[in-house]
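Asks: Following is a predicted model, sequence given first.
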Amino acid sequence: MTNAGFLSLFLGASTACIAADWPSYRGPSGNGHSPEKIARSWPDGGPKALWRVPSRGGFSSMVVANGRVACLELRDFGGADQEALVVRDAATGKELWARGLGTVKTGDGGQAGAAGNDGGDGPRSTPAFSDGRVYSFSAKLVLQCFDARTGTEVWKHDLLKEFAGRNISWQNAQSPVVEGDVVLVAGGGAGQSLLAFDKASGGVRWKSFDETITHATPVVADLLGRRQAVFFLKSGLLAVDPDTGKELWRYAFPFSISTAASPVVAGDVVYCSAGYGVGAGAVRISREGAGFKATEIYRKAGNKPLANHWSTPVLHEGHLYGMFQFKEYGSGPVKCVDVVTGDVKWERPGFGPGHVIAVDKHVLALSDAGELVLIKATPSGYDEVVRADVLPGKCWTTPVVAGGHVFARSTQEAVCLDVSAKGASR
């Protein structure tokens, strides 16, 4: 084979691999975007369900890699409900293995809503796949690494016991972030509240700061030519070098309760938002000498017009798309927002606190009542392409696209749907 032929084969295989995987909470690029194309017309009754299985409790989303799909569920171990890391065959839904992660606080996670009082509390963190391993971060701040094929534990750290950890009232909901060869989390005590662990050995690579966590998962992105990990803490945004833990910049955005929406990076702009009357803010990052500084562009207080309680919006061509609402169960709107000005371009009610991802110049939304909706990503107006009722129960989880399939779950079930071009013709 010629070098050109080998390169073409390699690139084709690499593209197929990337397109087939959604390995972590915010997807292959960490920004909620899928590189795939999906069908824009669905059969009557919605996309074909390739499999559907019970999946009880909580708001952990699904992740997919190398033919396996994983999430956290509630399971009975020895007569007591625990968080469980469950790994299934992505093609069939067959359970391959499950591991108990310890008990989790339940019963106070906002039970009311369009989907009713269905015990919608439990695990909230989403696991992450990387290099044949799967990483989980429990409600009680226990970070674990397992062999993805066998379920054998590789290493474990209990942040409460080992790092003087400080949990929050509803317990941890952030997901572990794998960046290069480290796993990033927050939740330790003074001087070690942000931590990076070697993903292979579990050794501590760095630890620093004295911060109180929120439920928000950090985001890693390139900002002004520098790789940066942006944590959303109770003091506001804190950006660090993911390799060293060195502080790069801060944005004071204090609040007293919580948020679960991750920051959104839009070029040199970073957006953040919280409920409970806090609202949203955005900063522009610039160079200052050898470092960086954050300059506020806007801050809009209150639950309207901009509040993302736990639903992280996605960015497309300078606009944010997502569920902008606070405790508007069943009725909260999807909105389009100019990320630089904070101006709302349009909104459409009836989604509640679900989640969205971006795929093929569209927004794929999962409402809190289990409706999957494909919407054109355009600021000119709400343009719904197709909709289907796909899940019972409460859906406070993120739908994901991997290999032409949508993987989604509620507090009752998990489902794999065919949204490939082939599926559209059925």
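Replies: Cool, the structure landed.
Asks: can we go C-alpha only for contacts and neighbour counts from here?
Replies: OK.
Asks: And the contacts of stretch 232-248?
Replies: Residues outside stretch 232-248 that contact it (C-alpha atoms under 8 Å, 6 or more residues apart in numbering) are 179, 182, 184, 195-196, 205-208, 211-214, 216-218, 227-231, 249-256, 258, 262-263, 272, 291-293.
Asks: Mind checking which of those residues are buried?
Replies: Buried members of the contacts of stretch 232-248, scored by 16 or more other C-alpha atoms under 10 Å, are 179, 182, 184, 195-196, 205-208, 211-214, 216-218, 227-231, 249-251, 253, 255, 258, 262-263, 272, 292-293.
Asks: and those, which of them are in helices?
Replies: With helices taken from DSSP state H, there is no overlap with those.
Asks: from those, which ones fall inside strands?
Replies: Among those, DSSP state E puts 179, 182, 184, 195-196, 205-208, 227-231, 249-251, 272, 292-293 in strands.
Asks: Next, count neighbours for residue 52.
Replies: The tally of other residues near residue 52 (other C-alpha atoms under 10 Å) stands at 18.
Asks: For it, give me its contacts.
Replies: Residues in contact with residue 52 (C-alpha under 8 Å, 6+ apart) are 93, 413, 414, 415, 416.
Asks: Which element, helix or strand, includes the closest residue to the first one other than its chain neighbours?
Replies: In space, and not counting its chain neighbours, residue 93 is closest to residue 51: 6.0 Å by C-alpha to C-alpha, 6 or more residues apart in numbering. Counting by DSSP states H and E, the secondary-structure element that holds residue 51 is strand 48-54.
Asks: Can you name the next helix or strand after that strand?
Replies: Heading C-terminal from strand 48-54 (DSSP H and E), you reach strand 63-65.
Asks: For that following strand, the averaged confidence score.
Replies: Here strand 63-65 scores 98 as its mean pLDDT.
Asks: Just give me how far stretch 189-196 sits from the chain centre.
Replies: 22 Å (C-alpha atoms, centre = their mean, to the nearest Å).
Asks: Give the buried residues for the strand holding residue 51.
Replies: For strand 48-54, burial by neighbour count (16+ other C-alpha under 10 Å) applies to 48, 49, 51, 52.
Asks: again with stretch 176-183
Replies: For stretch 176-183, by 16+ other C-alpha under 10 Å, it's 176, 177, 178, 179, 181, 182, 183.
Asks: Return the backbone torsion pair for the second one.
Replies: By that I understand residue 177. phi -120, psi 120 (degrees, to the nearest 10).
Asks: Mind checking what helix or strand follows the lowest-mean-pLDDT helix or strand in the chain in sequence?
Replies: Here the helix or strand of the chain ranked lowest by mean pLDDT, DSSP states H and E is helix 3-20, holding a mean of 40. Next helix or strand after helix 3-20 toward the C-terminus (DSSP H and E): strand 33-34.
Asks: and that next one, which strands flank it?
Replies: Strand 33-34 has the following strand partners under DSSP bridges: strand 355-359 (parallel).
Asks: how distant is the strand it pairs with from the center of its chain?
Replies: That offset, for strand 355-359, works out to 10 Å (C-alpha atoms, centre = their mean).
Asks: Stretch 402-418 now?
Replies: How far stretch 402-418 lies from its chain's middle: 15 Å, per C-alpha atoms, centre = their mean.
Asks: average pLDDT for it?
Replies: Per-residue scores along stretch 402-418 average to 97.
Asks: what's the straight distance from one end of it to the other?
Replies: 10 Å (C-alpha to C-alpha, to the nearest Å).
Asks: ok, residue 367 - contacts?
Replies: So residue 367 contacts 330, 350, 351, 352, 353, 354, 355, 373, 395, 396 (C-alpha under 8 Å, 6+ apart).
Asks: C-alpha coordinates for the strand holding residue 51, PDB please?
Replies: Taking Å, rounded to 0.1, in the frame of the first residue of the first chain, the C-alpha atoms of strand 48-54 are listed here in PDB:
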ATOM      1  CA  LYS A  48     -36.800   2.600  15.700                       C
ATOM      2  CA  ALA A  49     -35.800   1.400  19.100                       C
ATOM      3  CA  LEU A  50     -33.000  -1.100  18.700                       C
ATOM      4  CA  TRP A  51     -33.200  -2.000  22.400                       C
ATOM      5  CA  ARG A  52     -34.900  -0.800  25.500                       C
ATOM      6  CA  VAL A  53     -34.000  -1.800  29.100                       C
ATOM      7  CA  PRO A  54     -34.900  -0.900  32.600                       C
END
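Asks: Can you give the strand pairings for that strand, parallel or anti for each?
Replies: For strand 48-54, pairing defined by DSSP bridges yields strand 413-418 (antiparallel).
Asks: Only the buried residues of the partner strand, if you could.
Replies: Those would be 413, 414, 415, 416, 417, 418, for strand 413-418 by 16+ other C-alpha under 10 Å.
Asks: Please name the bridge partners of the fifth one.
Replies: In this structure, residue 417 has beta-bridge partners residue 49, residue 406, where bridges are defined by DSSP bridges.
Asks: Residue 33 versus residue 23, what's the distance?
Replies: 12 Å.
Asks: the more surrounded of the two?
Replies: Neighbour tally, residue 23 and residue 33, criterion other C-alpha under 10 Å: the higher count belongs to residue 23, 27 against 24.
Asks: Touching, the more buried one and residue 130? I think so.
Replies: Yes. Contact criterion C-alpha atoms under 8 Å: residue 23 and residue 130 qualify, at 7.1 Å.
Asks: before we move on, the earlier item: state the mean pLDDT of the strand holding residue 51.
Replies: 97.
Asks: How far away from the center of its chain is that strand?
Replies: So, by C-alpha atoms, centre = their mean, the centroid of strand 48-54 is 22 Å from its chain's centroid.
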